[in-house]
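A.B. asks: The sequence isn't on hand, but the structure is:
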C-alpha cells in the first residue's frame, strides 16, 4: 500500500499489518515520542521498555527507507521527513479510533474518550458540556486539559485533542470549524461587598482605581481587559498578576484585592458564594465557542458529544448568575 506525502512516497510492506497490530503499535510509539520528546518517557507512556520503543521506531525507518528521528546522546527531534511521517501516523491512528467508534456505534453504544482542551477562563463552562455526555452516554469518558489558545490549537491540529473551548475572535481559527456557545462580559469581583459602595455597576475607569489582581498579559482574557481599559482612557498597574484562575480567586478572597474577570467564572461555586460581582460598563462582549478540525466525517464519539452540547443553554444559565 502506498501513501503520498508531497514528494515522498511511503510504501507499507504487506507484512506490516501482521502480528496483532504490530504496525499500528509502531505508529503509537512514534506519536508518544512526539508527545514526550524523550525516549524513556515515551516508553513509559506506552508501557514498554525503552529498547523496544527505539527498536520499533528504527523498524519504521527501515521499512520506509527514511530517517525519521534525529539521534545524538538523546532525542534531538524529528527530521523533516520524520515530521511528515508523524503527521501521517497521527491521522492513521485517528482513523483507526474512528473506525473503532463506528463499530461501537453500530451496536448502539457510544464509547471512548473525548479529549477537551479549554483556555483557563473558559474552564468553568466545561462541566456544563461534559454533564450532558455523562448523563446520555455512560460509556463515554472525558479528558480535560487547561491550555493556552496556542497550545490548544496546536494539539487540536496534531489530533491530540478532539475539541477546544476558546475565544472565537482568534485569526488562527480560519483553518478550523467553530460553533459559538457563549457570549461573555466582564465583571469586577470583590470579597467585601461594602467595597462596592452599594453600586450595581461600575465604569472601567472606576474599576481601574481598585487594587487589582489580573491574569498575565500573555492570556487572551487579559488582552481583552487591557483593550477595554485603554478604550476608557486608563492604564492599570495590577498589584499581582497570575496565569492561574484559582490563584486569582485566592488573592481576591485572602489578600484584599479585586479583579476583572469574565462572568463565566461565577459558575465556580466558591466564587459565587464568597465573592461579590458587578458588571462593568460599557459592556464588552467576547464570543467563546467550540473549535473542531475541519474534517468530515467526524468520529461517532465526537458527533454524539456535539449533539449533546447543542441542547445545553449555557448562556441563560450563566447570565442568571448576574441577573442579566
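C.D. replies: Noted; the coordinates are in hand. Note that the structure is predicted; figures quoted are calculated from it, not measured.
A.B. asks: how about residue 214, secondary structure?
C.D. replies: Using DSSP: H, G, I helix; E, B strand; the rest coil, the structure places residue 214 in strand.
A.B. asks: I'd like the distance between it and residue 257.
C.D. replies: Residue 214 is 9 Å from residue 257, where distance means CB to CB, to the nearest Å. In short, each C-beta sits where N, CA and C put it, glycine included.
A.B. asks: Please apply the same query to residue 186.
C.D. replies: 16 Å.
A.B. asks: Could you check how many residues crowd around residue 299?
C.D. replies: 21 (other CB atoms under 10 Å).
A.B. asks: now do the one 3 residues further on
C.D. replies: If you count neighbours by other CB under 10 Å, residue 302 ends up with 19.
A.B. asks: which ones are touching it?
C.D. replies: By CB atoms under 8 Å, 6 or more residues apart in numbering, the contact set of residue 302 is 114, 162, 163, 292.
A.B. asks: quick one: which of those residues is nearest residue 74?
C.D. replies: If you rank those by distance to residue 74 using CB to CB, residue 162 comes first, at 31.5 Å.
A.B. asks: Now do the same for the nearest residue to that closest one once chain neighbours are set aside: its pLDDT.
C.D. replies: Once its chain neighbours are removed from consideration, residue 162 has its nearest residue in residue 115; the separation is 4.8 Å (CB to CB, 6 or more residues apart in numbering). At residue 115, the predicted lDDT confidence score is 95.
A.B. asks: Residue 115 is in contact with residue 147, isn't it?
C.D. replies: No: with the criterion set as CB atoms under 8 Å, residue 115 and residue 147 do not qualify as a contacting pair; they are 11.1 Å apart.
A.B. asks: all strands for the stretch 51-200 of the chain, in order.
C.D. replies: Here the stretch 51-200 of the chain has its strands, by DSSP state E, counting those that start in this stretch, at 69-71, 75-78, 112-118, 140-146, 163-167, 176-184, 186-190.
A.B. asks: Please identify the most buried of those.
C.D. replies: The highest mean neighbour count among these belongs to strand 163-167 (a mean of 24), with neighbours defined as mean count of other CB atoms under 10 Å.
A.B. asks: OK, contacts around the residue sitting nearest the centre point of the chain?
C.D. replies: Using CA atoms, centre = their mean, the residue of the chain that lies closest to the mean C-alpha position is residue 117, 1.8 Å off. Contacts of residue 117 were listed using CB under 8 Å, 6+ apart, and they are 144-147, 151-152, 155-156, 161, 163-166.
A.B. asks: pLDDT at the residue nearest to it when sequence neighbours are not counted, what is it?
C.D. replies: In this structure, residue 117 finds its nearest non-sequential neighbour in residue 152, 3.8 Å apart by CB to CB, 6+ apart. Reading off the confidence values, residue 152 has pLDDT 94.
A.B. asks: now residue 8
C.D. replies: Residue 8 is assigned a pLDDT of 42 by the prediction.
A.B. asks: again with residue 178
C.D. replies: As summarised for this prediction, residue 178 has a pLDDT of 95.
A.B. asks: Show me the beta-bridge partners of it.
C.D. replies: The bridge-partner assignment for residue 178, based on DSSP bridges, gives residue 291.
A.B. asks: need the strands for the stretch 201-324 of the chain, in chain order.
C.D. replies: With DSSP E, counting those that start in this stretch as the criterion, the stretch 201-324 of the chain has strands spanning 202-203, 213-215, 240-242, 259-262, 276-281, 286-293.
A.B. asks: Out of those, the one nearest residue 321 is which?
C.D. replies: Using CB to CB as the measure, strand 276-281 is the one of these that comes nearest residue 321, at 8.2 Å.
A.B. asks: Now do the closest one: everything it contacts.
C.D. replies: Counting by CB under 8 Å, 6+ apart, the neighbours of strand 276-281 from elsewhere in the structure are 185-193, 196, 199-204, 207, 228, 260, 263, 266, 271, 322, 324.
A.B. asks: Buried subset of those, written for PyMOL?
C.D. replies: Those of those that meet the burial criterion (16 or more other CB atoms under 10 Å) are gathered into one PyMOL selection, given here:
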select buried, resi 185+186+187+188+189+190+191+196+202+204+207+228+260+263+266+271
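A.B. asks: list the buried ones in the helix or strand containing residue 43?
C.D. replies: In the assignment (DSSP states H and E), residue 43 maps to helix 39-46. By neighbour count with 16+ other CB under 10 Å, helix 39-46 contains the buried residues 39, 42, 43, 45, 46.
A.B. asks: How about the contacts made by the last one?
C.D. replies: With contacts defined as CB under 8 Å, 6+ apart, residue 46 is in contact with 28, 29, 32, 53.
A.B. asks: What of the first one?
C.D. replies: Taking CB under 8 Å, 6+ apart as the definition of contact, the neighbours of residue 39 are 33, 50, 53, 54, 74, 75.
A.B. asks: again, but for residue 36
C.D. replies: Counting by CB under 8 Å, 6+ apart, residue 36 makes contact with 42, 44, 45.
A.B. asks: ditto for residue 139
C.D. replies: With contact taken as CB under 8 Å, 6+ apart, residue 139 is in contact with 109, 110, 111, 112.
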